[in-house]
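> how does the following fold in three dimensions:
(one chain, ligands or ions: 1)
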Amino acid sequence: MQSLTPLVDLKSLFRTAAAPSGLGHRVGPARYLIQCVSRFDAANVNANSSSSAAQTSGSNLGSGYVGRARHDWQSACAILASKVVSQQQDTEKSGGADGVSAVNGHPTLDLVPIKEQSNSPTPLPKPLSIADLSPAPMHGSQLRVAYQGVPGAYSEAAAGKAYPNCEAIPCDQFEVAFQAVELWIADRAVLPVENSLGGSIHRNYDLLLRHRLHIVGEVQLPVHHCLLALPGVRKEYLTRVISHPQALSQCEHTLTKMGLNVAREAVDDTAGAAEYIAMNNLRDTAAIASARAAELYGLQILADGIQDDSGNVTRFVMLAREPIIPRTDRPFKTSIVFAHDKGTSVLFKVLSAFAFRNISLTKIESRPHRNRPIRLVDDANVGTAKHFEYMFYVDFEASMADVRAQNALAEVQEFTSFLRVLGSYPMDMTPWAPSSTAGD
Ligand SMILES: O=C(O)C(=O)C[C@]1(C(=O)O)C=C[C@@H](O)C=C1
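All right, here's what the predicted structure looks like:
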């Protein structure tokens, strides 16, 4: 009888996110979570109770975030990120990490590692209590989901679609959203990776590789853009349109057709553009953003549905510290990234490993190989050729629990010098209808 052995060491292909670095040896993740999350919770509750929460349908993403809570969260994230670095440096310098004072002039969170008991020469280890093990009291039952942008951003809507009852946590950069999950401040991150008109969001491909989070799901969000301005502002007054670069590129033709040949300026996110206009009372500037952003920041909708195509969809991935267990009872997708020392010549072989097994690829992306961007080739003695080096990202339609996918990856492993499974996760199969455009 033939014995079936797994062809790929699945464990080695999935890499797990580590506990917060620099703190792990003194404060375990659970204790770390108690200290930082409970502070933020207090700030959040205060802010939420003092502002009226405009609820999004199907989720509890309210405007309560707009005021203090968001500011608190964003400074908390910045402080936290710099604190981890400064703690690491302090620990390295002094061989110990006692108190941590203000960072960048901000008042700090209480993230000080637990001190040894000074009156006991040989402190006994303290038994774990149930409180050490259960993060539930700080979290409530709500999942905390980090996204890039401010309330009203499409990423916030994507977080609500992915996790309908979540507490959405705005982050000012993609990198901060990754760190929020790694540092146990958020449970998940929801980040855009590609848009049907604008293409890939390269930054997130690079960050997926740099960080150790796992893709645990995907959501596709129809993106319906509006042109927003202060009440009373007319199209003729505009000298500038601001938005996220993806949103600007998704509306380029429509803006031109509308006669808006004014300056385009890129900002961090669509809703942030709307907020900026409102905060600075800009009567010559319009933002491309969602109708929810108009509502949150008190702007009027000058034009509705200005995306160049009615089928404007952005695909987001959900990220977690742990992978999910792949299944075969529903359609799954798997995302991998690979490279080879001998450059792009292996690409055909890798792709054929999937073709042979009738596994469809849904996406292929290449990014510069940051560790070794250029390879010098000098085989003809006529100067030195320079080859650019790439990392290849491939999504394919199969679960890692499917033996076809395991065999394909075993083969891919033979052809590559680096291979990592970024995640195996359920495909977003929600029925979808194109949204209307300004021309309809
Ligand atoms: O700016 C926002 O609202 C975002 O959520 C970001 C983002 C993106 O990065 O592509 C998300 C969806 C749209 O495609 C436009 C912008």
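> make it CA atoms for all contacts and neighbour counts henceforth
Noted.
> what are the bridge partners for Val219, then?
Note on Val219: beta-bridge partners Phe316, judged by DSSP bridges.
> wait, it touches Gly160, no?
No. Counting by Cα atoms under 8 Å, Val219 does not reach Gly160; the two are 10.1 Å apart.
> around the ligand, which positions in the stretch 251-400 of the chain sit nearby?
Within the stretch 251-400 of the chain, the positions adjacent to the ligand are 269-271, 314 by Cα under 6 Å from any ligand atom.
> identify each buried residue in stretch 293-313, please.
Neighbour-count burial for stretch 293-313, counted by 16 or more other Cα atoms under 10 Å, picks out 293-294, 296-313.
> try stretch 164-174
So for stretch 164-174, counting by 16+ other Cα under 10 Å, buried means 164-172, 174.
> got phi/psi on Leu422?
Main-chain dihedrals, Leu422, degrees, to the nearest 10: phi -80, psi -20.
> and it, how many neighbours does it have?
25 (other Cα atoms under 10 Å).
> look up how far Val181 lies from it.
The gap separating Leu422 from Val181 is 16 Å, by Cα to Cα, to the nearest Å.
> what strand or helix carries Ile242?
strand 240-243 (DSSP states H and E).
> nope, Asp206 is what I was after
Counting by DSSP H and E, Asp206 is found in helix 202-210.
> contacts for that helix?
Identification of contacts with helix 202-210 by Cα atoms under 8 Å, 6 or more residues apart in numbering yields 174-175, 191-193, 367, 422.
> how about the buried residues of stretch 164-174 in TSV, adding pLDDT and secondary structure?
Output for the buried residues of stretch 164-174, formatted as TSV (pLDDT from 0 to 100; DSSP: H, G, I helix; E, B strand; the rest coil):
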residue	pLDDT	secondary structure
Pro164	95	coil
Asn165	92	coil
Cys166	96	coil
Glu167	95	strand
Ala168	96	strand
Ile169	96	strand
Pro170	96	strand
Cys171	95	strand
Asp172	92	coil
Phe174	95	helix
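> out of the residues you listed, who's nearest the ligand?
Phe174 (9.2 Å; Cα to the nearest ligand atom).
> excluding chain neighbours, what is closest to that closest one?
Excluding its sequence neighbours, the residue lying closest to Phe174 (Cα to Cα, 6 or more residues apart in numbering) is Gln148, at 5.4 Å.
> is that neighbour in a bridge, and if so with what?
Beta bridges link Gln148 to Cys171, judged by DSSP bridges.
> give me the neighbour count for it.
Gln148 has 25 neighbouring residues, counting by other Cα under 10 Å.
> ok, it - contacts?
Counting by Cα under 8 Å, 6+ apart, Gln148 touches 155-156, 170-174, 176-177, 191, 269.
> what pLDDT is listed against it?
Listed pLDDT for Gln148 reads 96.
> repeat that for Val346.
On pLDDT, Val346 comes in at 82.
> so how far is Gln413 from it?
In terms of Cα to Cα, Val346 sits 11 Å off from Gln413.
> ok, those two, which is more surrounded?
Legend: neighbour count by other Cα under 10 Å for Val346 and Gln413, higher for Gln413 (18 against 15).
> may I have the beta-bridge partners of the residue lying closest to the more buried one once chain neighbours are set aside?
Excluding the flanking residues, the one nearest Gln413 by Cα to Cα, 6+ apart is Leu419, at 6.5 Å. Leu419 has these beta-bridge partners by DSSP bridges: Phe338.
> is it true that Leu419 touches Ser335?
No. Here Leu419 does not reach Ser335: they are 10.8 Å apart, not a contact under Cα under 8 Å.
> tell me where the model's unsure across this structure.
Applying pLDDT under 70 to the chain picks out residues 1-140, 343, 374-386, 434-436, 438-440.
> right, I'll call it a day here.
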